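1. Okay, here's the prediction I keep looking at, along with the sequence it came from:
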Amino acid sequence: MDKKELINSGKVKSVFASDNPDEVIIEFRDDMTAGDGERKEVMNNKGAYNAIISSKIFKVLEEKGIATQFIDLPEPNVMIAKKLEMIPIEVIVRNIATGSLVRKYPIADGTRLEPPIVQMDFKADEYHDPMLNDSLIRALGIATQEEVDILTEKALKINEILTEFFADVGIILVDYKVEFGKDKDGNILLGDEISPDGCRLWDSETLEMLDKELFRKGKDNEVMDAYIEVYNRIIPDDEKVI
């Protein structure tokens, strides 16, 4: 895969230009970070597992009518994607109360949230990703009210699809974050990734964590086993490449 100039290097992914000006090449690296990047480790094949999991989820969502930036996965850790102008909002959908929600609000850990909570955070490490509301979004010029409504609608639809998708393989989708961007025609597409890096996933029977929270809790030796478990559950044997 021929990569052109580096467009952006984030905490765990690098984005390169491609021969097609409407496409980019996204390299999923083996970096694992926490605390706005303050803590960082390298974990063997982590990038490949996330890229394959994300590509599978994007394909499932596309089949259900959610437009994404995904085009192809020519290598286990390399994704070809539509070039998007990313909207600097992390859209977080919470099905079960845990993490920062129970630290900041009087909600008991483990409470099932019906309906789910949709939270929007300003994607900016230097400001520690503060929570947004509609007025702040307008004041910052991040998005119009119509676009905010579209993000909310898409995030909830994604939640319906993925809650069922994960339940079918014995996983509870506790919460997750997604990001969106605009293509060259102004269409809002799902971008970035959906993987154990940005989801809380619990085993349906044991409630064992199968996501990045293990790394946040210092259980580094359990992280890749969890990611591989998710991979093995959602990727059919005839689609496995690692």
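-> Looks like it arrived, so ask away. Keep in mind the model is a prediction, meaning the values are calculated, not measured.

2. So what touches stretch 116-133?
-> Here stretch 116-133 makes contact (C-beta atoms under 8 Å, 6 or more residues apart in numbering) with 36-37, 86, 88-95, 101, 136-137, 140, 142, 148, 151-152, 155-156, 159, 177, 179. Every residue, glycine included, has its C-beta placed from N, CA and C.

3. Kindly recompute the last result at 6 Å.
-> Applying C-beta atoms under 6 Å, 6 or more residues apart in numbering, the contact partners of stretch 116-133 are Asp36, Pro88, Ile89, Glu90, Val91, Ile92, Val93, Arg94, Asn95, Thr152, Ala155, Asn159.

4. pLDDT and neighbour count added to these, as TSV?
-> As requested, those are exported to TSV (pLDDT from 0 to 100; neighbours: other C-beta atoms under 10 Å):
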residue	pLDDT	neighbour count
Asp36	76	13
Pro88	98	16
Ile89	98	23
Glu90	98	20
Val91	98	24
Ile92	98	22
Val93	98	23
Arg94	98	22
Asn95	98	20
Thr152	98	14
Ala155	98	22
Asn159	98	20
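
5. From those residues, which land in strands?
-> Ile89, Glu90, Val91, Ile92, Val93, Arg94, Asn95 (DSSP state E).

6. quick one: which of those residues is nearest Val169?
-> Among the ones in strands among the contacts of stretch 116-133, Asn95 lies closest to Val169 (C-beta to C-beta), at 16.3 Å.

7. That closest one - nearest residue in space that isn't next to it in sequence?
-> Closest residue in space to Asn95, ignoring its immediate chain neighbours: Pro116 at 5.1 Å, by C-beta to C-beta, 6 or more residues apart in numbering.

8. After the stretch of helix or strand the one you found belongs to, which helix or strand is next? Please name it.
-> Element membership of Pro116, judged by DSSP states H and E, is strand 112-122. Using DSSP H and E, the helix or strand that follows strand 112-122 in sequence is helix 134-140.

9. Mean confidence (pLDDT) on that following helix, please.
-> Helix 134-140 comes out with an average pLDDT of 97.

10. Only C-alpha atoms, please: export it in PDB.
-> In PDB, the C-alpha atoms belonging to helix 134-140 read as follows (Å, rounded to 0.1, in the frame of the first residue of the first chain):
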ATOM      1  CA  ASP A 134     -26.300  22.700  22.100                       C
ATOM      2  CA  SER A 135     -25.600  26.300  23.100                       C
ATOM      3  CA  LEU A 136     -21.800  25.700  23.400                       C
ATOM      4  CA  ILE A 137     -21.800  23.900  20.100                       C
ATOM      5  CA  ARG A 138     -23.400  26.900  18.400                       C
ATOM      6  CA  ALA A 139     -21.100  29.300  20.200                       C
ATOM      7  CA  LEU A 140     -18.000  27.400  19.200                       C
END
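
11. and that helix, which residues are buried?
-> Ile137 (16 or more other C-beta atoms under 10 Å).

12. other SSEs contacting that helix?
-> If you count contacts as 3 or more C-beta pairs under 6 Å, 6 or more residues apart in numbering; DSSP states H and E, helix 134-140 packs onto no helix or strand.

13. Recalculate using a threshold of 7 Å.
-> On a contact count with 3 or more C-beta pairs under 7 Å, 6 or more residues apart in numbering; DSSP states H and E, helix 134-140 meets helix 145-167.
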